[in-house]
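In: this is a predicted model, with the sequence first.
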Amino acid sequence: METADSPEIITCLNATCGQQLRIPAGEVLEVTCPTCGTNFTYRPPKTAGQGTGLSPEYQRKAWVMGELMLVIAKESMTLIKRNDPSTASKVSRKQEWEGFIEFLKVLFNLADRVGAFHVPVSEYLQFMDAVEDAVIDQMNNAFRQQAGPGYEETPVKISISAAFDLGQKLYQPYQFMVLEDGKERDRFFQKFGEAVGTALGVRGNNTIATTAALCASSSIAAMQSLMESADGGSPTGHS
């Protein structure tokens with residue numbers, strides 16, 4: 001039987017790496033792969049006598065869900081600027097960051113709604129924690145590569161944790177089946193589109209609000225595809 005002091009072999013969550021790593025068993029750890037440099041939070045699987053834990057399948061899917069959310073948020077902001085270049089040229093970097101965070105808020109909520117159909121109740125809270133960890137880790141990995149030594153991770157962690165909490169408070173009150181159309185679902189995405197417009201300093205801009213809402217709603221199919229996949233690989237169309 002493994003103890004907290006015995007080793008455990010895990011695989012680097014970076015799909016292009018796949019390095020086998022030896023770590024202490026039974027602990028939530030921040031792991032850095034010595035081969036590719038990817039930093040990720042590892043949550044140990046459920047073992048005998050434990051009430052909670054996250055299986056390797058859902059650890060992997062949480063990481064890829066984080067990748068997917070970041071790709072969608074980045075591509076959506078690019079599309080918004082392309083669809084309304086005159087407005088986009090006036091948006092500051094701070095406003096663009098705030099628009100990006102608005103996307104993460106709604107995507108956290110949609111990941112929650114989609115995941116509820118697939119993740120066992122016993123692992124669900126751990127899964128959502130792992131999705132939050134994945135987004136934080138991947139953003140910090142990207143910024144660390146740009147900034148180099150001395151990069152401070154705390155501001156991103158605080159921003160993403162706040163986005164996770166606010167996404168639940170803002171959007172969870174909307175009661176609808178995520179895979180079905182309906183008026184409540186429409187109101188959900190309308191509220192989100194308006195929030196993006198406000199973040200970008202163009203409240204009431206219908207083009208931006210509509211584009212944002214369409215981008216967010218289209219993410220549901222990709223999230224569903226990920227959760228239905230056998231290996232937790234990136235859904236088609238996203239890397």
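Out: Done, it's in.

In: which residues touch Lys90?
Out: Residues near Lys90 by Cβ atoms under 8 Å, 6 or more residues apart in numbering: Gly201. (C-beta placed from N, C-alpha, C; glycine too.)

In: so it, which of the three states?
Out: Taken by DSSP: H, G, I helix; E, B strand; the rest coil, the conformation at Lys90 corresponds to coil.

In: ditto for Gly150
Out: coil.

In: how much space between it and Arg144?
Out: 10 Å (Cβ to Cβ, to the nearest Å).

In: swap in Val131?
Out: Counting by Cβ to Cβ - Val131 and Arg144 are separated by 20 Å.

In: would you map the strands across this structure?
Out: 7-11, 20-24, 29-32, 39-42 (DSSP state E).

In: most packed of these?
Out: strand 39-42 (a mean of 21; mean count of other Cβ atoms under 10 Å).

In: and that strand, how far out from the chain's middle?
Out: Put simply, strand 39-42 sits 14 Å off its chain's centre (Cα atoms, centre = their mean, to the nearest Å).

In: and the lowest-mean-pLDDT helix or strand in the chain, what's buried?
Out: Least confident helix or strand of the chain, by mean pLDDT, DSSP states H and E, is helix 85-88 with a mean of 83. Neighbour counts over helix 85-88 (16 or more other Cβ atoms under 10 Å) mark 87-88 as buried.

In: would you mind pulling up the elements that it packs against?
Out: helix 56-83 (3 or more Cβ pairs under 8 Å, 6 or more residues apart in numbering; DSSP states H and E).

In: okay, the angle between the helix it packs on and strand 7-11?
Out: Helix 56-83 and strand 7-11 are oriented at 40 degrees to each other (axes from the mean of the first three to the mean of the last three Cα atoms, to 10 degrees).

In: leaving out the residues flanking it, which one is nearest to the residue nearest the centre of the chain?
Out: Among the residues of the chain, the one closest to the centroid is Gly66, at 3.3 Å (Cα atoms, centre = their mean). Nearest non-adjacent residue to Gly66, counting by Cβ to Cβ, 6 or more residues apart in numbering: Ala134, 2.8 Å away.
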